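Asker: I'd like to go over a predicted model; first the sequence, then the structure.
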Amino acid sequence: MMQFRMLSALCLFGMSTMTFATTQVELGLHASNIVYTEPSVMQEKGSLSGFNGRFIYQQAHNVKALEVTISSGKMDYEGSGTIQGIPDELFEIRGLSGSPWRLDSKWQVTSYIGLGYRYLNDDSSGRVSSTERHGYEREQVYYYIPIGIDFERKQLFSDWGLYGNVEFDYLILGKVRTSPLTSACG
């Protein structure tokens, strides 16, 4: 992992501070378990998997990050009957800005805030439930503000480290669009 470094240099005209910026790219796998419930009406649950990526730019006491997640999977519906294996697709992008604070030589905490966009497509159109209700396509769009803290402890055991995160997502706007129907589940 690259880290920022601050160097001081004596110039002909006096003391000057130079700050070097670092960039980091992380690519990984994404897995999530989702339960979507409308109380007394319906429930969908299932798993999604895919890829995520993060581009991080760090300079002195400022960190900026762009994160992208793309995943898909199958959901099971239970409400007006049941439908198994409904395809779901998820796309999420977020921009974050924060400040890292080194607590000592091994611990670093980074507080951040940002703006996020999440798109989820749940498409049971063309399917019929166990009680002969027709499925439909549902698109959900969320705009939100992520507020959180990352923590990192280097050299926990030899070359091992400890990383963690606590985050609260404040919903700014949420929209749900469903395809026109004559008969729908739920």
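Answerer: Noted; the coordinates are in hand.
Asker: List the buried residues in the longest strand belonging to the chain.
Answerer: In the chain, taking DSSP state E as the definition, the longest strand is strand 14-38. For strand 14-38, the neighbour count (16 or more other C-beta atoms under 10 Å) marks 30, 36 as buried. Heads up, the C-betas are built off the backbone N, CA and C, glycines and all.
Asker: Just after it, pick out the following helix or strand.
Answerer: Downstream of strand 14-38, the first helix or strand assigned by DSSP states H and E is strand 42-59.
Asker: That following strand pairs with which strands?
Answerer: Strand pairing for strand 42-59, determined by DSSP bridges: strand 14-38 (antiparallel), strand 62-79 (antiparallel).
Asker: Need the ones you listed in JSON lines (columns: mean pLDDT and distance to Y143).
Answerer: JSON lines is the format used below for the strands paired with strand 42-59 (pLDDT from 0 to 100; distance: least, C-beta to C-beta, whole Å):
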{"stretch": "strand 14-38", "mean pLDDT": "78", "distance to Y143": "18"}
{"stretch": "strand 62-79", "mean pLDDT": "95", "distance to Y143": "15"}
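Asker: Next, count neighbours for the residue nearest to S130 when sequence neighbours are not counted.
Answerer: Spatial nearest neighbour of S130, excluding adjacent residues (C-beta to C-beta, 6 or more residues apart in numbering): G81 at 3.8 Å. Number of residues near G81 (other C-beta atoms under 10 Å) recorded here: 16.
Asker: what does Y112 give?
Answerer: 19.
Asker: quick one, the helix or strand encompassing it and strand 42-59 angle?
Answerer: Y112 belongs to strand 107-123 when assigned by DSSP H and E. Strand 107-123 and strand 42-59 are oriented at 140 degrees to each other (axes from the mean of the first three to the mean of the last three C-alpha atoms, to 10 degrees).
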